[in-house]
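Trainee: Here is the input, now give the coordinates:
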Amino acid sequence: MPPPLTAALPQLLQPKAIAVIGASQRGGRANGVINNLRNCGYGGEIFGVNPRYTEVLGCPCVPSVRDLPPTVECIVIAIGAEAACDVLEDAFAHGIRAAIVLSAGFGEGGHGGARGERLRALAARGMCICGPNCFGLINVKAGMAAYSGPLMRPLRAGPVALVSQSGGLGASVFAPLMTDRELGFSHFVSCGNQLGATIEDYVAYFLDDPDITVVVCIVEALRNPKKLAAVARTAHARRKSLVFFQVGRSAAGRELTASHTGALVDNGDILAAFLRRCGILQVATHDELVETVELLANAPRDEAVGRDVIVISGSGGGAAVAADVLSDAGAPLAPLTAATRERIAAVMPEFGSVTNPIDATGSMYDDATLLPKLFDAILAEPGRPVIAASVNARPAGNPNMRRFAATIADVARASGRTLVAYQYSPLGGPLDIEVVHTLHDANVPFLLGTSNAMRAIRVLAQRSEYWARAVSDGATVTPVVDQRADRSWDFLSAREKLVASGVPVVAAELARSEDEAAAIAQRLATPVAVKAEAPGLLHKSDIGCVALNCAGYDAVREAFRTVTANCAKAGFGQVGALIQPMVSGVAEAFAGIIDDPLFGPAVCFGMGGIFVEILHDTTIEMAPLSHEAARDMIARTKGARLLDGARGRKAGDVAALADLLVRLGDFAAAHAGAFRALDLNPIIVGPAGAGVIAVDIAIEETKDKP
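Mentor: Coordinates of the predicted model:
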């Protein structure tokens with residue numbers, strides 16, 4: 001059995017000697033790599049590979065990889081894709097087990113798929129490949145930059161490791177933080193298409209490094225979610241921060257299915273739900289990512305930090321912006337006790353604000369005694385909220401701002417509390433690096449831009465919650481039982497399985513004629529719903545295949561004729577009609593399952609019944625669900641307020657609705673692989689204590705059904 005490709009990660013990330021394929025006296029990407037290796041102080045030997053030369057940029061150059069000495073552990077490919085495959089295979093035969101493939105053309109955009117398979121075959125045999133279609137990588141700790149992009153200097157070693165599928169996006173996090181705020185990094189890996197080593201592989205490797213406390217990933221797609229779940233548990237146990245920025249979430253990359261759930265859920269939603277289940281921090285924008293990295297790299301790893309925030313601002317408008325962003329981000333402002341407000345009022349200018357956010361006006365920058373007094377008043381407040389204070393590091397050399405930063409740093413050291421300094425705007429030229437150093441030396445992050453700073457702050461409490469959460473959470477996302485042999489999913493058989501799992505679904509009988517429909521309705525002795533039933537028929541009401549509140553012999557017969565005729569007219573094979581008793585409640589909801597081939601089953605929930613696709617007010621989590629997670633799913637929808645008894649309405653049975661979601665999640669996990677998507681829509685929500693019941697089921701079966 002070949003060794004795993006991860007066995008060669010040390011040779012990839014810290015090779016004893018390296019060779020650059022395509023080095024030329026005419027320049028190009030290969031020469032850029034050689035220059036970067038030299039400029040970062042790489043201590044190993046550097047070879048060029050090109051049959052035209054014996055020397056490139058002062059480095060020995062050999063005709064082929066077969067001529068390289070055994071000290072070479074890694075090669076960098078900077079030639080065309082077709083030739084690259086041959087070189088990689090020759091290198092593997094020569095004993096080289098690590099390669100960085102800068103070239104593109106290995107399946108991107110539907111081209112070069114066969115070449116991609118050749119790379120995958122090498123990876124399967126144990127070759128550790130970074131890329132293809134990447135910038136390469138930088139090991140700052142080791143002074144090794146096998147990297148084809150511009151290289152800023154000096155490189156500063158530090159606690160952050162960055163892995164990015166997009167080389168450009170990764171560089172726009174790595175470079176400005178290292179230059180503008182002198183934040184140290186251990187590694188920057190541009191991993192490209194991940195045909196060899198994956199994001200999960202790099203993260204696992206970095207977590208074993210005691211000097212790395214923050215691992216950042218810019219990801220378009222995962223390759224091995226099961227490994228990532230295990231890696232996340234390791235990060236929690238070691239109290240390390242793991243943060244992801246997911247790109248490509250737009251509808252352009254969506255694979256729609258025919259069911260409601262498929263229309264509402266895309267691959268990005270599934271990935272985000274999976275990351276939440278694993279306890280991985282997520283950010284929504286690139287700018288937020290930059291500030292979150294600065295925050296996590298410098299803030300103390302305070303497991304007791306609270307969810308709430310106290311903001312100290314020198315601007316009333318700036319304080320209002322901070323409050324707005326924190327509210328949107330779900331990070332509450334800490335309520336101040338009456339005693340704290342009195343202490344603040346005693347030192348505050350009369351035109352300042354003593355509520356949170358605290359507007360200390362511009363006086364706090366001019367009066368050297370004001371900020372220390374404010375901190376004394378705030379630190380007597382119970383709890384451990386994050387304390388965020390505004391400071392300006394532009395222009396450089398402002399003595400008031402340097403003094404202000406020193407005060408914040410002194411308080412952070414003396415109190416052991418989590419303090420964050422932020423500047424209102426990210427714009428305005430170079431920062432006063434003395435201000436940055438003063439703050440960093442006291443474990444105080446310095447964030448740029450009020451909005452991005454406040455959104456970043458919320459991750460501190462999330463991180464503590466993830467660390468405290470049971471480590472078993474990440475292990476429950478894989479399928480429990482493979483039911484691929486069980487493919488009977490018409491309404492009645494699906495209802496039987498759901499009810500057996502505790503999911504409430506209204507009773508139904510199948511009528512194959514008008515007379516049979518009328519007889520069933522008469523036996524039920526209640527107004528009924530008449531719904532056409534045929535293979536593949538999903539959105540019944542859209543094509544006139546549902547008749548509601550049918551009462552009386554003639555009405556039921558007429559309804560049967562209408563819905564079955566409309567079903568046939570729409571091109572579905574005619575089976576008959578389902579006859580169901582009418583059910584009423586205070587609200588309608590929707591729940592569904594989407595079974596992702598990579599991540600497994602997830603549960604989707606929304607309010608609105610037939611309008612769920614229009615409102616697009618939904619939440620999604622991986623199956624199975626806890627009751628707490630189910631209640632949180634309901635609460636996150638805007639329509640959840642309808643269940644609280646809004647405007648004189650009766651309150652809905654939220655407990656029963658949450659229980660339905662839990663049981664649906666169990667059903668999803670137990671039947672993983674048996675169908676592609678399942679809808680319960682609508683779900684009738686009764687008044688509090690009256691329960692809930694689904695009145696329709698739609699199932700989209702797997703594509704590979706025989």
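
Trainee: Name whatever forms a beta bridge with the closest residue to residue 639 other than its chain neighbours.
Mentor: Setting aside the residues directly before and after it, residue 639 is nearest to residue 607 in space (Cβ to Cβ, 6 or more residues apart in numbering), at 2.8 Å. Heads up, the C-betas are built off the backbone N, CA and C, glycines and all. Here residue 607 sits in beta bridges with residue 589, as judged by DSSP bridges.

Trainee: Just list the residues touching residue 607, thanks.
Mentor: Residue 607 makes contacts with 587, 588, 589, 590, 615, 617, 637, 638, 639, 640, 642, 643, as judged by Cβ atoms under 8 Å, 6 or more residues apart in numbering.

Trainee: do residue 171 as well
Mentor: By Cβ under 8 Å, 6+ apart, the contact set of residue 171 is 135, 149, 150, 188, 190.

Trainee: cool, residue 33 as well?
Mentor: Counting by Cβ under 8 Å, 6+ apart, residue 33 has contacts 20, 76, 78, 102, 136, 145, 146, 147, 148.

Trainee: which SS class is the first one?
Mentor: Right, the one you point to is residue 20. In three-state terms, and counting by DSSP: H, G, I helix; E, B strand; the rest coil, residue 20 is strand.

Trainee: tally of neighbours for it?
Mentor: One way to gauge burial is a neighbour count; for residue 20, by other Cβ atoms under 10 Å, it gives 31.

Trainee: I figured it was touching residue 49, is that so?
Mentor: Yes. When contacts are counted by Cβ atoms under 8 Å, residue 20 is listed as touching residue 49 (6.9 Å).

Trainee: Determine which two of the contacts of residue 33 are furthest apart.
Mentor: The span of the contacts of residue 33, defined through Cβ to Cβ, is set by 78 and 145 at 14.2 Å.

Trainee: The helix or strand containing residue 48 - contacts with which helices or strands?
Mentor: The secondary structure element spanning residue 48 is strand 45-49 (assigned by DSSP states H and E). Where contact means 3 or more Cβ pairs under 8 Å, 6 or more residues apart in numbering; DSSP states H and E, strand 45-49 is packed against strand 17-21, helix 29-39, strand 59-62.

Trainee: Provide the contact partners of the first one at residue level.
Mentor: This means strand 17-21. Strand 17-21 is contacted by residues 30, 33-34, 37, 42, 44-50, 62, 65, 68-69, 71-79, 84, 87, 144, 146 when judged by Cβ under 8 Å, 6+ apart.

Trainee: ChimeraX command to pick out the buried ones of those residues?
Mentor: Filtering the contacts of strand 17-21 down to the buried ones (16 or more other Cβ atoms under 10 Å) takes a single ChimeraX command:
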select :30,33,34,37,42,44,45,46,47,48,49,50,62,65,68,72,73,74,75,76,77,78,79,84,87,144,146
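
Trainee: Can you tell me the SS state at the residue nearest the centre of the chain?
Mentor: The residue at the geometric middle of the chain, judged as the C-alpha nearest the mean C-alpha position with Cα atoms, centre = their mean, is residue 272 (3.8 Å). Recorded secondary structure, residue 272: helix (three-state DSSP).

Trainee: how near is it to residue 463?
Mentor: Taking Cβ to Cβ, to the nearest Å as the measure, residue 272 falls 17 Å from residue 463.

Trainee: Residue 387 now?
Mentor: With distances defined as Cβ to Cβ, the gap from residue 387 to residue 463 amounts to 17 Å.

Trainee: Repeat that for residue 114.
Mentor: According to Cβ to Cβ, residue 114 and residue 463 sit 44 Å apart.

Trainee: who does the strand holding residue 48 pair up with?
Mentor: According to DSSP bridges, the neighbouring strands of strand 45-49, each with its direction, are strand 17-21 (parallel), strand 59-62 (parallel).

Trainee: which of the residues in the longest helix along the chain are buried?
Mentor: With residue count as the measure and DSSP state H as the assignment, the chain has helix 450-468 as its longest helix. Taking 16+ other Cβ under 10 Å as the basis for neighbour counts, the residues of helix 450-468 that come out buried are 450-464, 466-467.

Trainee: Same question for stretch 653-664.
Mentor: For stretch 653-664, the neighbour count (16+ other Cβ under 10 Å) marks 653, 654, 656, 657, 658, 659, 660, 661, 662, 663, 664 as buried.

Trainee: Perfect, I'm done here.
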